[in-house]
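Q: Show me how the following folds:
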Amino acid sequence: METMTLKQRIKQHPALKQIIHCFIMHPVKTRPNWWIRLFYFTYLKCGKGSIIYRSVRKDLPPFNRFSLGRYSVIEDFCCLNNAVGDIIIGDYSRIGLGNTIIGPISIGNHVNLAQNITVTGLNHNYQNVEKLIDEQGVSTQPIIIEDDVWIGANSVILPGVTLGRHCIVAAGSVVTRSIPPYSVCAGSPAKVIKSYDFETKEWEKR
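A: Numbers count the residues shown, from 1 in each chain. Reported below is the predicted structural model:
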């Protein structure tokens, strides 16, 4: 017979789940309480040589994973939120100034995000018009950013998107669907405008 994890047991008891959630997360600020933040050093995994600047807002409760790879950097004024899904960032990646990263999201190695980018795996539910939107909870779809991706400033990456290896997102793009590897996309919604042809060894316009 399979034994349940503590997390699974808590999920089966809504009242207990709410009590624990309120102990961990401030109900108005929607960020971990100060006594939880004191223990970041015990559960936030940061690889050798990685840097998270002091001004970064870390909304990182312990019930989901946060992992930052070796020699990766999260620059000033970013917001990291794993309250509804894991945030996993690989090696030699850089999260630029003023980025907002909301899980669930997996970022590969040698990925560069420029400034003021939003990457969110979360959507607010709204379908029931007889209830307030903020009473309807959220839904999530994981975002996957593969290795060697560049995302230009002021872009938005929406839930469920996969950005393939060595693809480029032009500045100001809103990416609503997955982009294949070795492609350049631009626009709102973003569309592929170039792809690399391995036979001709050139970037071909689409």
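
Q: CA atoms for contacts and neighbours, from now on please.
A: OK.

Q: contacts for the strand of greatest length in the chain?
A: Determined from DSSP state E, the single longest strand within the chain is strand 190-197. Contacts of strand 190-197 with the rest of the structure, by Cα atoms under 8 Å, 6 or more residues apart in numbering, involve 173-177, 179, 182-186, 202-206.

Q: Could you pick out which of these are located in helices?
A: Using DSSP state H, no member of the contacts of strand 190-197 sits in helices.

Q: of the residues you listed, buried ones?
A: Neighbour-count burial (16 or more other Cα atoms under 10 Å) is assigned, among the contacts of strand 190-197, to 173-177, 179, 182-186.

Q: Pick the one among these closest to Asn128.
A: Within the buried ones among the contacts of strand 190-197, proximity to Asn128 (Cα to Cα) peaks at Thr176, which comes in at 23.3 Å.

Q: what about the closest residue to that closest one other than its chain neighbours, how many neighbours?
A: Counting by Cα to Cα, 6 or more residues apart in numbering, the nearest residue to Thr176 once its immediate chain neighbours are dropped is Leu158, at 5.5 Å. A count of neighbours around Leu158, defined by other Cα atoms under 10 Å, yields 21.

Q: ok so, going back, neighbouring strands - and their directions - for the longest strand of the chain?
A: Next to strand 190-197 in the sheet, as set by DSSP bridges, lie strand 183-187 (antiparallel), strand 202-205 (antiparallel).

Q: looking at the ones you listed, which has the lowest confidence?
A: Lowest mean pLDDT within those: strand 202-205, a mean of 94.

Q: And the contacts of it?
A: Taking Cα under 8 Å, 6+ apart as the rule, strand 202-205 contacts 193-197.

Q: Quick check: buried residues in the longest helix along the chain?
A: When the chain is parsed with DSSP H, its longest helix is helix 14-24. For helix 14-24, a neighbour-count test (16+ other Cα under 10 Å) marks Ile24 as buried.

Q: is it fair to say Ile36 lies in a strand?
A: No: applying DSSP: H, G, I helix; E, B strand; the rest coil, one finds Ile36 to be helix, outside a strand.

Q: Tell me the predicted confidence for the residue nearest to it when sequence neighbours are not counted.
A: The shortest distance from Ile36 to any non-neighbouring residue, by Cα to Cα, 6+ apart, is to Ile24 (6.3 Å). pLDDT, Ile24: 79.

Q: same deal with the one 3 residues further on?
A: For Pro27, the pLDDT comes out at 76.

Q: Below-threshold pLDDT in this structure: ranges please.
A: Across the chain, the ranges flagged by pLDDT under 70 are 1-13, 16-17.

Q: residues contacting Asp147?
A: Taking Cα under 8 Å, 6+ apart, we find Asp147 in contact with 107-111, 164-166.

Q: Narrow the residues you listed to just the buried residues.
A: Looks like the contacts of Asp147 have 107-111, 164-166 buried, using 16+ other Cα under 10 Å.

Q: Show me the helices in this protein, by range?
A: Counting by DSSP H, the helices of the chain are 6-11, 14-24, 34-37, 40-43.

Q: Touching the third one from outside, list them.
A: Spelled out, it's helix 34-37. 24, 61.
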